Each structure stands twice: as C-alpha cells, then as structure tokens.
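Novice: My questions are about this predicted structure, shown below with the sequence.
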2 protein chains.
Amino acid sequence: MTQRKLGRGVAIVGAGMSKFGAFPDKATRDLFVEAFRDLCASVDKGFDPRDIEATYIGNCSSDLFEGQSHTAPLMTSWIGLAPRPATRIEDACASSGVALRQGILAVASGLYDIVLVGGIEKMTALPTEKVTDVLGTAGDTLYEIPAGFTFPGFYAAMATAYLDRYDATPEILMRVGIKNHEHGALNDKAQFGQRIADIMQARKASAAKKGQPIPTWNDEMEFLHDDRANPPIAWPLRLFDCSPISDGASALLLVSEEIAKRFTDTPVYIIGSGQASDGGLSDRADLTTIPAARLAAQQAYAMARVQPSDIKVAEVHDCFTIAEILATEDLGFFAPGHGWRAAAEGVTARTGARPINTSGGLKAKGHPVGATGTAQVIEIWKQLRGQAGARQLPGDINLGLTHNVGGTGQTAVVHIFERR
Amino acid sequence: MTQRKLGRGVAIVGAGMSKFGAFPDKATRDLFVEAFRDLCASVDKGFDPRDIEATYIGNCSSDLFEGQSHTAPLMTSWIGLAPRPATRIEDACASSGVALRQGILAVASGLYDIVLVGGIEKMTALPTEKVTDVLGTAGDTLYEIPAGFTFPGFYAAMATAYLDRYDATPEILMRVGIKNHEHGALNDKAQFGQRIADIMQARKASAAKKGQPIPTWNDEMEFLHDDRANPPIAWPLRLFDCSPISDGASALLLVSEEIAKRFTDTPVYIIGSGQASDGGLSDRADLTTIPAARLAAQQAYAMARVQPSDIKVAEVHDCFTIAEILATEDLGFFAPGHGWRAAAEGVTARTGARPINTSGGLKAKGHPVGATGTAQVIEIWKQLRGQAGARQLPGDINLGLTHNVGGTGQTAVVHIFERR
C-alpha cells in the first residue's frame, strides 16, 4: 500500500463541542445542535452555515443505545442543513476519526469545498451493564464475546501482557489516570472537572458530613488502591483506569486549503492522515501493541513528512489507562516497553516534554464513543491556535496529532495537524 | 450547492454478489466472502486482491439484526484484506449506495487507485415483527415511530396520497409487483425466482396434493386480490407490494479511470453521482414525491451531462411497489402523476421502452438492506456489458442509472454509469 498525495490540501477553520457528561434531558440531536453552535461561534471571520455542502457524522451505535439508526440525515436536518448529503460513518469508537478522514477525502476529491464533520453518542440512557453489552458488539460477536470478553476484559488482557513483559506495575496505570484528571480539571467541557485528589477530599468531606468514619487515605495512590473507592473492574484495571460512559457531540468545519483564509487567519492544516484495520484481539500474536495504530501512524507521518519527535502535542485514545501507554509506543513517541516509564516520570504530563491528552483525554473529558475522534481534534485545534486557556502549552505549538482507536484496534486512525 | 467536477474519473472493473434469500446457516461474513469471490471471478483480466487499498462497506444495522457493530474491519479481515482501511457507511437502506459514493470520492481524491465497495445485511435471524422494529429505527424514533408508524405504514401513507391525487388504483401497484417477479424469475441470484403466476399455480397444486379445496384464482390479479393469498399489510399495500426480508452481500471493484483497462476491456465508468438528505416523512408537505431523490438525480444528471431520456436501463429502490412509481417520476422518466400510467401500460417492463428493475428489483431479487445499493449497480454493470443473460436488454445499452433510498427518503443517492 503506497501512500499517495491528496489531490488538494484541507484545513480546519472551525471546531465546536457540547459539554461531555450525562444529560438525561437531552436527545442526541440537542447535543449535536450544541456542538454546531459552538462551532459556528469559533469561526473567526464568520460564515454562512448554508455554505456547508455535505456532512459526515461518526456514530458508534445509536441503534443499540437509543433505538435510532440513520442518524446522519437526522442530525443534518436538525442543524438546518438538509438537503445536503449526510453520511454516517461507523467504525466503533473510531467513528468520528474515520468520519474526519472521509471529509478530508471528499474535499480533496474536488467535489466539495466546505464540509462539516462530527460525531455523536448518547450512552447514559442505558444501565451500565447494557452499555457494556453494546460496546461488546464492536468485538467479534461470534468468536470473542461468547468467550466472556467485555471491553474492560480486552484491555485488561493487553494490560496483563504488558505488565508481564515489562517492569511496569498497576501503579503506573494509575499515574495515567491521575495525570488525565489533572488535565481535565482545566477543561470546562470535560465530564470530570476534578483532580483525583479533589475527588478524594470530597469523599472525605462527605463522610464527615454524614457522621460516617472518615477514610484514612493520605494521598491519591492510597485512594486508588482502596478496593471500595476504586474497585477492580478487570484485573489489573480498576474503575479509575476506565474512561466513563458519556453523552456528547463534536464537530469540525473543513474547507479546501485555498479558501481557508476566508474563514480565519489561523487555519489548522491537516497534513497527515492514516487509517488501518485488523481482525479481533483473538487473532493477534502480540497484545502489547495495536498493529493498526502503528500502521496508521506510519501512513500519517509519511504523508505529513514529519517524525514522531516533531509532534508537540497529541490526543491519544485512552479508553483505558493501558491504552494511553500503548498509544505512546505505537505512535513512536517512545520505544516498545518504554511508554510506562515516560508515564511514571511525568514526561506525558502537560508540564512534561511530551504532553499527551491535555484535554483530559477520554478518561476525564469523557468518551461519548462516536464523538471522541472529532473531539480529540478540537483540543489540537485549540492548542495550535493558542486558545486552550489554562491548559495551553507554552512555546511554539505548531504540530499536533490525534490517535483514535475502534474496538480493540480493528480500526485505528491517526491525523497530523499543522498551524503555519 | 454547486455540483463540481471530480478530481479524476472512476470506473467499475469487477462486481459480485451472494445469492439473496434466507440463509440460516450463514453468517454475514460468509455472505460477504461469497460476494467477494463472485467479484474476483468477474474481473476479465484477473487481478491480485492484495492490490485493493481500502474498503467501504454499507450496512444498515448489523447492530440490531445480529448484535454486531464494527462490521467493516470484520468483513475486510474475513476476505483477507486487513490491514487495509475499512470504513462502514450507514444511511439505512441507502447504506451501500452511499458507500459507493465514498469509494468514488476516495479514488477521486488521489489517495487510492483501487477500492472495494460493498454492502451486507443479514435480516432473517429475527422474527418478522422484530425486523419491522429494526427498520423503524431508520425513521424518527422521537416523533414518528411513537405515533405508530412502521415502514409499510410510511409507504402506505405515500401510496394513499398518490392514489388520492391521481387516477391510479391499487391494481396499478400490483402490476409493478407482477412485473418485477417476472424479471426476478430470470435472475438466479434472486430471492424469488418465480413469477407471481407460478406462485399461484404452485399454491393450487399444493392444495390439490393436500386434498384441500383448490382456490379458484383464474389469473394473477385474482390471486393478488385474495385477502388470504395476499393479505393487506398497510392499506393500500398488500404482501406482494412489499419487498422481502433478506440476507445477502454485494461488492464492486472501483479503480481510477486511467488504470481501468488493465482489468477489463469493458470498464463501466461512473459519470454521475448525487446524494441528498431530508428530515422525516412527518416534515414533508407533499407525500407523492421524495425530494431528496429528485435532488440527487438532478445532481447526477448535471455531473454526467445527460438527460433522463438518455438512460437505457435503471434499477430503482422499489422497497414497496409505490416506491418504484414515485422513483420513475423523481428521476424524470415520467412527469409527476404519470408514473402509474407507464407502469400500467408495460412501459417499465423489460420489453418496454423504459425498462426498470430488470434484476427483479428489491421486490423479487430481495432486499438485504445494506447490500441493496451495490447490488443495484451489479445489474447495471451486467446490462451495460451484455452479460445479463436471459434478461439482457436488446440494443446498445450504454447508459444506466441506480436510485437508492434510505428510510422514507431522509437519504437518496443516484449514480449514472456509462459503457463506452
């Protein structure tokens, strides 16, 4: 598979998202309208939404979450854009990352100049065990799920393999969660706007108020080791190793490179795109890497003509804490077996040399699965444009990357972005 | 919305499908493998399947039909094409028509030269009433389905409006079914390979054999008026006005125009593509037309620079008999209110001046919803190449069209094909 050049360049000139969280009173369409309004407000020089020519909407399974298929024209109609062509893309939790890629190809094809790409998911209407069942449909339901696997189980198998091969420990995984909550505390769109230390203190205060025995946790690690505060889900993964169940929507405005400056003086150019597929986890020889992610990254770097070391900020698919560590290795930021050490040493913190998931990641920002891929891009868009507020990285942040995984890695999609 | 030119041309050089029907012993992946093998055998000069660079798979709701999402990498892996990028497209019953459009844009973008486009659905594992519920998710499940609508109900509303406005009768609808069964009887991939007259005779013979009273039907129209033989489903639609519940898969091999002749001396060029969206049926002022189909057709004609009268053969989305009549008007083959007369007079028969659904259409060939869009194209591919066997149209059949509708017309996609 040679990696060819796109017919023409594509830029992002607007980006918006709903708040992520649990919104029992909002339908998916309400969340998408919220994201679209946020997007419209983000376009520096303004624009007429009627100039949008097509929409690509990532959605994992409104079918099973809400009993609603055919979501793309529904969302498109609710933001007033019917009769524009509306296409739903589904590749599990990578749905909107792949939708972004389709939007890029559509503009590059010459057919459209202005395209809306987005993602939606409303997961919290179902009880947790049902959500687990729905997410399980992204595995192989003939060969894997009947064997007892759930998604925490799949990633626990990867974590076990990783901890077995290298010197990492469950405490290193906890460090990833602590770090992403620290980032999420600076993001007002995040589902969890609290550091784990804050959650710990709040629980102590609540116990005191109720006259219950006050827990004796002295720090976050003690809190995270408490089986009641942070119950094991699938060893070695505990509750705070897992991204939450979320509702949310996100959207991006893509335009052909030549017209980008009509919308803003600081477009974010998409200079690399890679996508790859794979069979299920049960087919893989090595559980300490996601081969599709590695391949998608190679494609994206080749197209962008940059190296992993050039990337200043990355949003990676931390559906579980172990997934972030694997991602940082699959993306070439660290050698195989060295990602855990970087996490332990704070290299991937906002204040470190290789900041990862400054938004809070899936863990703290939330993971409305179909909306995640484009929401990752929103953080990169903000960081590259110096608009990330309290979590803005210092220095010349000109190159960013997103890494979005579907299922256990049956799909992976990587994009590279540049602010010139 | 201006209709622009694609960056480069795209041709079809291979096409294959599974048999359509009810296959309790086959999983979706088995059907897709069957379609892919049929495709491989169809490539005149042969090819190496490993040269395929990406896949686009249309699938309506494996989620609800089979409890399996993330179907694109699964299918791609089963035909041996992982780790190629695998993208699922969902736009209800237009899923694979829209997947075709994404494949076209992907090749036109310059990123790929060789792309596989296909569709899958396995519907028969569920009981009929559950299938009706699943299909209902393609309507608006907040505003339409709670009001009692099912898909037969939606199309019955359109039929009622049409019969009310024009001089058409339920008998005209029956004529569409009779015609499509006559076509399907010539298609060995069709779910129903029998003319309605044959079905009638078989039932008589069966009654005689069992010693039951032999029905007194003298012809197909008497049979179709019999409430027991052809029960009303949603007035004026009866059983034989409805496409069946089906399992099946279909696939097309797309390549950039410049390399098409490496694969065959008679490529089929895709010269027009249109897609449009709409809100639900409950939002529409006029139920006797599908506005998105009308618009998608206009886009496709404009891109192809041809007129409706130039089209020699068309496969249209006859999910219900009324839908075929509306389609022939929305496509501009007949003026509004004149489609029924054409159907009545045999103009749309294989032997008529404007042959429609020579494959048997959704009615007789079967309607595994996600597979339908690309299966329609297979018939056009065969007709344009003179390979349609007993149902081959006479004369120089050089231009064909497909019309694929999702839901009640929240999605419509039209393609125009040329053999040079």
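Specialist: Arrived safely, thanks for sending.
Novice: mind listing the helices for the stretch 101-250 of chain A?
Specialist: Assigned by DSSP state H, counting those that start in this stretch, the stretch 101-250 of chain A shows helices spanning A:128-136, A:151-165, A:170-184, A:196-209, A:220-225.
Novice: Out of those helices, which one sits most buried?
Specialist: Mean neighbours per residue, mean count of other C-beta atoms under 10 Å in any protein chain shown, is largest over the helices of the stretch 101-250 of chain A for helix A:170-184, with a mean of 24. For every residue, glycine as well, the C-beta is placed using N, CA and C.
Novice: Residues in contact with it: which ones?
Specialist: A:159, A:163, A:190-196, A:199, A:220-221, A:224, A:236-238, A:240-241, A:318, A:321-322, A:324-325, A:340, A:343-344, A:346, A:348-350, A:357-361, A:363-365, A:391 (C-beta atoms under 8 Å, 6 or more residues apart in numbering or on different chains).
Novice: Can you flag the buried ones in those residues?
Specialist: Using 16 or more other C-beta atoms under 10 Å in any protein chain shown as the burial test, the contacts of helix A:170-184 include A:159, A:163, A:190-196, A:199, A:220, A:224, A:236-238, A:240-241, A:318, A:321-322, A:324-325, A:340, A:343-344, A:348-350, A:357-361, A:363-365, A:391 as buried.
Novice: Among those, which are located in strands?
Specialist: A:237-238 (DSSP state E).
Novice: Quick check: which element contains the most centrally placed residue in chain A?
Specialist: Taking C-alpha atoms, centre = their mean, the centroid of chain A lies closest to A:Thr372, which sits 4.1 Å from it. Assessed by DSSP states H and E, A:Thr372 sits inside helix A:369-384.
Novice: near chain B at all, whatever helix or strand comes next after that helix?
Specialist: Next along the chain after helix A:369-384, taking DSSP H and E as the criterion, comes strand A:399-406. Yes. For strand A:399-406, a contact with chain B is found by C-beta under 8 Å from any C-beta of the partner chain, at A:Gly406.
Novice: I figured the residue nearest to the centre of chain A hits A:Cys93, correct?
Specialist: Yes. A:Thr372 is in contact with A:Cys93 according to C-beta atoms under 8 Å; the separation is 6.1 Å.
Novice: Between those two, which contacts overlap?
Specialist: A:317, A:404.
Novice: and of the helices of the stretch 101-250 of chain A, who's closest to A:Ile114?
Specialist: Minimum separation from A:Ile114 across the helices of the stretch 101-250 of chain A (C-beta to C-beta) falls at helix A:170-184, 32.0 Å.
Novice: average pLDDT across that closest one?
Specialist: For helix A:170-184, mean pLDDT rounds to 98.
Novice: Residues contacting stretch A:318-326, please?
Specialist: With C-beta under 8 Å, 6+ apart as the test, stretch A:318-326 has contacts from A:93, A:151-152, A:155-156, A:158-159, A:162, A:168, A:172-174, A:176-177, A:180, A:237, A:241-243, A:288-290, A:293, A:316-317, A:327, A:339-340, A:343, A:348, A:356-357, A:361-363, A:367, A:405.
Novice: ok, now with 7 Å
Specialist: Contact with stretch A:318-326 is made by A:93, A:155, A:158-159, A:162, A:173, A:176-177, A:180, A:237, A:241-243, A:288-290, A:316-317, A:339-340, A:343, A:356-357, A:361-363, A:367, A:405, as judged by C-beta atoms under 7 Å, 6 or more residues apart in numbering or on different chains.
Novice: Who does the residue nearest to A:Ile311 when sequence neighbours are not counted form a beta bridge with?
Specialist: Setting aside the residues directly before and after it, A:Ile311 is nearest to A:Leu401 in space (C-beta to C-beta, 6 or more residues apart in numbering or on different chains), at 4.8 Å. Note on A:Leu401: beta-bridge partners A:Ala314, A:Ile416, judged by DSSP bridges.
Novice: Just to check, A:Leu401 is in contact with A:Lys312?
Specialist: No. Using C-beta atoms under 7 Å, A:Leu401 is not in contact with A:Lys312; the gap is 8.9 Å.
Novice: mind checking how far A:Arg101 is from chain B?
Specialist: 8 Å (C-beta to the nearest C-beta, to the nearest Å).
Novice: what sits against that residue?
Specialist: Neighbour list for A:Arg101: A:273, A:275, A:413 [criterion: C-beta under 7 Å, 6+ apart].
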